[in-house]
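Trainee: sequence first, then the predicted structure, then my questions.
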Amino acid sequence: MKQPEIDWSNLSFSYLKTDFNVRCTYKDGKWGEIEVSDSEYIPLHIAASCLHYGQEAFEGLKAFRGKDGKVRVFRMEENARRFIRSAEGLKMQPMPEEIFCEMVRKVVKLNERFIPPYGTGASLYIRPLEIGISPRVGVSPASEYLVIMLVTPVGPYFKEGFKPTKVCISREYDRVAPKGTGSIKAGGNYGASLVAGEKAHELGYSVMLYLDPKEKKYIDECGAANFFGIKGNSYVTPASESILPSITNKSLRQLAKDMGMTVEERHVPLEELASFEEIAACGTAAVCSPVSEIDDLDTGDKYIISATGEAGPVTTALYNKIRAIQYGEEPDTHGWCEVI
Ligand code: PLP
Ligand code: COI
């Protein structure tokens, strides 16, 4: 197997062409066979419901080359279940968990030479997506669906890596509506976040930290990632209807408990930011990305979380622990990884 010429240790979070993607179509009331393609394109009807009415949802998970040379995929059943919930939330046909997992195994195996070597800090990002492909001009759900899984080798989501970044708050922007699609992974949520995200970048921040869209009193999402704060022996993370239930956050909550910490899932009032010793964004792409400062663009308030500009000890310990499990350096006591 010829290794591609890639500078694995300096990968960013972006698309690199790999060898194959896998596809599966729902048609005539059933899912077809898993197909393998080497094309980066899809033939699509010009009136497809995904193009006109946003019938699109996606997922994100990773495969890691371990210390022992084995390939581990992290918690794919959780992604399969969330993919089902996302499909249901957009009136799309949900893909059964078994087919989802089979597609993940297949696409990873087929692109094995693109799984970054152990020790480079990189991983293979797996991106499943589902689209409605039937032509629709009236607003109604498609009857045919296509699921595609592509992979691409990635490095850290933020160019700073594990170095803390500054984020900002603005009441001018909502990511989602209070009873909207925030808790599912609809592509439309991300389209709707681009103006706010670019505004944050223009002003020198890594992301926009969103307040809850109903009352604008509580912390919601941190860009395309969940928020957590550390206070004494507590791991605090927002309970909210409008955030995506992050699988990374779920895992970190478990690891925090394993470390003897208390886990609080509750509303996090904006004012409480001042009392956290550490704050980070967490997600598949972000892993744990520490936050050094939060600037409220409307009030001028500044919350300095890390005066030294370094990640705090608890965030560092959680980051090291989850990475060690993913790379097979420590026992996977919760059964989170599948070796494929
Ligand atoms: N929140 C949003 C809006 C996201 O896009 C993601 C990424 O998937 C997350 C949170 C983190 O979720 P997970 O840890 O399951 O990747
Ligand atoms: C992820 O963490 O997998 C995400 O989906 C975040 C972003 C790349 C959309």
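Mentor: Good, I have the coordinates. Numbering: from 1, shown residues only. Ligands and ions are numbered 1, 2, ... in the order given.
Trainee: in which helix or strand does residue 293 reside?
Mentor: For residue 293, the host element (DSSP states H and E) is strand 287-296.
Trainee: remind me which residues of the stretch 201-340 of the chain are low pLDDT?
Mentor: Applying pLDDT under 70 to the stretch 201-340 of the chain flags no residue at all.
Trainee: show me what contacts residue 212?
Mentor: 178, 218, 219, 220, 240, 242, 267 (Cβ atoms under 8 Å, 6 or more residues apart in numbering). Glycine gets a C-beta too; all of them are placed from N, C-alpha and C.
Trainee: any idea how far ligand 1 is from it?
Mentor: From residue 212 across to ligand 1, the span is 14 Å (Cβ to the nearest ligand atom, to the nearest Å).
Trainee: over to residue 8?
Mentor: Using Cβ to the nearest ligand atom, we find residue 8 at a distance of 22 Å from ligand 1.
Trainee: number of nearby residues for that residue?
Mentor: 19 (other Cβ atoms under 10 Å).
Trainee: go on, residue 67?
Mentor: Residue 67, neighbours per other Cβ under 10 Å, totals 13.
Trainee: got a list of what it touches?
Mentor: With Cβ under 8 Å, 6+ apart, residue 67 has these contacts: 118, 327, 328, 329.
Trainee: nearest to ligand 2, of those?
Mentor: residue 327 (17.8 Å; Cβ to the nearest ligand atom).
Trainee: gap between that closest one and residue 189?
Mentor: 30 Å (Cβ to Cβ, to the nearest Å).
Trainee: show the pLDDT at residue 158.
Mentor: Note on residue 158: pLDDT of 75.
Trainee: quick one: name the residues of the chain near ligand 2.
Mentor: Within the chain, the positions adjacent to ligand 2 are 60, 190, 224, 283, 284, 285 by Cβ under 6 Å from any ligand atom.
Trainee: apply 8 Å and report the result again.
Mentor: 13, 58-61, 125, 127, 157, 185, 190, 224-225, 246, 248, 283-286 (Cβ under 8 Å from any ligand atom).
Trainee: report the buried members of those residues.
Mentor: Buried members of the residues of the chain next to ligand 2, scored by 16 or more other Cβ atoms under 10 Å, are 58-61, 125, 127, 157, 185, 224-225, 246, 248, 283-286.
Trainee: can you name the residue of this protein nearest to ligand 2?
Mentor: The chain approaches ligand 2 most closely through residue 60 (2.4 Å), counting by Cβ to the nearest ligand atom.
Trainee: what's the closest non-adjacent residue to that residue?
Mentor: Closest residue to residue 60 apart from its sequence neighbours, by Cβ to Cβ, 6 or more residues apart in numbering: residue 284 at 4.7 Å.
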